[in-house]
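>>> turn this into a structure:
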Amino acid sequence: MNPKSEIRNPTLSIIIVSWNVADLLRACLQSIDANRGVLDLEVIVVDSASADNTVAMVSAEFPWVRLLVQSENVGFPRGNNIGMTAATADAILLLNPDTEIVDAALSDMLAYLNANPDVGIVGPQLLNPDGSHQSSRRRFPTTATGLFESTWLQPLAPRPLLNRFYATDLPDDAINDVDWVTGACMLTRRAVIEQVGEMDPAYFMYSEELDWCKRIKDAGWRVVYLPTAAVVHHIGKSSEQAVTARHINFNRAKLRYFRKHHGYWTYIFLRVAILKQYLFQICIEGGKALLGHKRELRKQRVRSYWRVLKTGLPAAGY
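As a prediction, this is how the structure comes out:
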C-alpha cells in the first residue's frame, strides 16, 4: 500500500489562542471533546506565554490537542495566524478560549459552509453564560460610529446610528448576511485565507476580525450570521487582566482600522476626538478625587487615563 494513501486531513481545524485563562480553556476543550466522535477534528492551542498552569493542564488533560507554546504574548491576530499556518483542514474555526460549544454547533456551521460555496465566514449565535442572547453581528462602522461607539460619548449617540451598527433590525433567530461577526467564533475556509491573507498582526487585540471581514467581503465572499448554531461566550476574560493596556489596544486598533479603510484625515479626526475625551475624563475623575468621592478609585483612573494619554494613541502599526 502506498503510505501516502493513508494520510488524510481532518474535517475541521480549530484554533484557540489562549493567555492566562486555564480554567476557561479547560471548559472550552471539554465542550469540543464532546464533538470528536462526530467530526474529525484537529485542535490547535496557541499559548501566548501564559503564566498560569495552561500548558501543563492542556498537556496532561487533553493529549489530543496540538499545543504551540509561544515565548511571548503574541496577541490575538498573530496567534491565530500561527495556528492557521499549522492547520491542515480546509475548514478552519477561530475560537476564543472563553467559549463553550453548544450541542451540534460545529456540525451545523460546517454543514452551512459546505452547502454555500460563496460564504467566506460563518458566525454562530453567541450566548451569555445565563443563556441570554449576546449581540455578535455588525455592520461596518462609519466615521460617526467611530466617534460615538465604545466611547464616553456613546450615551449621546443618535439611536439610529448605533442601531445600524449593531444590526438591531435583524432578528436574533434568523440567518442573515452581515458585514462582520465578532471574533469569539468564526468559521472560514482555506480558500479564503489563500485569497485575502491572514489576520493583520499589527492589531494585537481588538478590531482584527472587523478588518479581516472587511477584506473578505471586499474580495467577494459573504459573511453570514447563523443562529441555528450556538456558542456560549464569557466576554473579555483575557483583556480584563490588563485594564490600561485594554484602553490602549482598543483605541489604537480602532484607529488603525479607520486609517486603513477611511483614510488619513478621518484617522486624525478620530484620534484627536478620543484623546480629548481622555483628557476630559482625567479632569472629571481628578475633580471627584479632590471632593473625596471614592478617592482611591478616582486616583487609579486618573493614572490609567494619563498613561493612555501619554501614548498619543497612534494607530497600531503606524
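
>>> go ahead and name everything in contact with stretch 216-226.
Contact with stretch 216-226 is made by 108-109, 112, 116, 118-125, 136-137, 170, 175-181, 188, 192, 195-196, 213, as judged by C-beta atoms under 8 Å, 6 or more residues apart in numbering. In short, each C-beta sits where N, CA and C put it, glycine included.

>>> ok, now with 7 Å
108-109, 112, 118-124, 137, 175-181, 192, 195-196, 213 (C-beta atoms under 7 Å, 6 or more residues apart in numbering).

>>> please apply the same query to stretch 94-113.
Residues outside stretch 94-113 that contact it (C-beta under 7 Å, 6+ apart) are 11-12, 14-16, 18, 21, 24-25, 27-28, 31-32, 35, 38-39, 80, 91, 119, 122, 124, 183-187, 189, 226, 228-234, 237.

>>> pLDDT (mean, whole number) over the helix or strand hosting residue 31?
Residue 31 is located in helix 22-33, with elements delineated by DSSP states H and E. The average pLDDT within helix 22-33 is 96.

>>> got the CA positions of it in PDB?
Extracted C-alpha coordinates of helix 22-33, given in PDB (Å, rounded to 0.1, in the frame of the first residue of the first chain):
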ATOM      1  CA  ALA A  22      -6.600  27.900  32.100                       C
ATOM      2  CA  ASP A  23     -10.000  27.200  33.700                       C
ATOM      3  CA  LEU A  24     -12.000  28.700  30.900                       C
ATOM      4  CA  LEU A  25      -9.800  26.900  28.300                       C
ATOM      5  CA  ARG A  26     -10.500  23.600  30.100                       C
ATOM      6  CA  ALA A  27     -14.200  24.100  29.800                       C
ATOM      7  CA  CYS A  28     -13.800  25.100  26.100                       C
ATOM      8  CA  LEU A  29     -11.800  22.000  25.300                       C
ATOM      9  CA  GLN A  30     -14.200  19.800  27.200                       C
ATOM     10  CA  SER A  31     -17.100  21.100  25.000                       C
ATOM     11  CA  ILE A  32     -15.000  20.400  21.900                       C
ATOM     12  CA  ASP A  33     -14.200  16.900  23.100                       C
END
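
>>> mind listing what's buried in that helix?
Across helix 22-33, burial judged by 16 or more other C-beta atoms under 10 Å covers 22, 24-29, 31-33.

>>> could you dump those residues to JSON lines with distance to residue 51?
As requested, the buried residues of helix 22-33 are exported to JSON lines (distance: C-beta to C-beta, whole Å):
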{"residue": "22", "distance to residue 51": "10"}
{"residue": "24", "distance to residue 51": "15"}
{"residue": "25", "distance to residue 51": "14"}
{"residue": "26", "distance to residue 51": "16"}
{"residue": "27", "distance to residue 51": "20"}
{"residue": "28", "distance to residue 51": "19"}
{"residue": "29", "distance to residue 51": "19"}
{"residue": "31", "distance to residue 51": "25"}
{"residue": "32", "distance to residue 51": "24"}
{"residue": "33", "distance to residue 51": "25"}
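
>>> between those, which is closest to residue 144?
Nearest to residue 144 out of the buried residues of helix 22-33 is residue 24 (C-beta to C-beta; 35.3 Å).

>>> assumed residue 140 was part of a strand.
No - membership of residue 140 in a strand is not supported by DSSP: H, G, I helix; E, B strand; the rest coil, which gives coil.

>>> nearest residue to it other than its sequence neighbours?
residue 179 (4.5 Å; C-beta to C-beta, 6 or more residues apart in numbering).

>>> how about the strands in the stretch 1-150 of the chain?
Along the stretch 1-150 of the chain, counting by DSSP state E, counting those that start in this stretch, strands occupy 12-18, 41-47, 66-69, 91-95, 99-101, 119-127, 133-134, 137-138.

>>> now these as CSV including distance to residue 262, mean neighbour count and mean pLDDT?
Shown next, in CSV, are the strands of the stretch 1-150 of the chain (distance: least, C-beta to C-beta, whole Å; neighbours: other C-beta atoms under 10 Å; pLDDT from 0 to 100):
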stretch, distance to residue 262, mean neighbour count, mean pLDDT
strand 12-18, 28, 25, 97
strand 41-47, 31, 23, 97
strand 66-69, 35, 16, 97
strand 91-95, 25, 25, 98
strand 99-101, 31, 24, 97
strand 119-127, 21, 24, 98
strand 133-134, 27, 14, 94
strand 137-138, 16, 23, 96
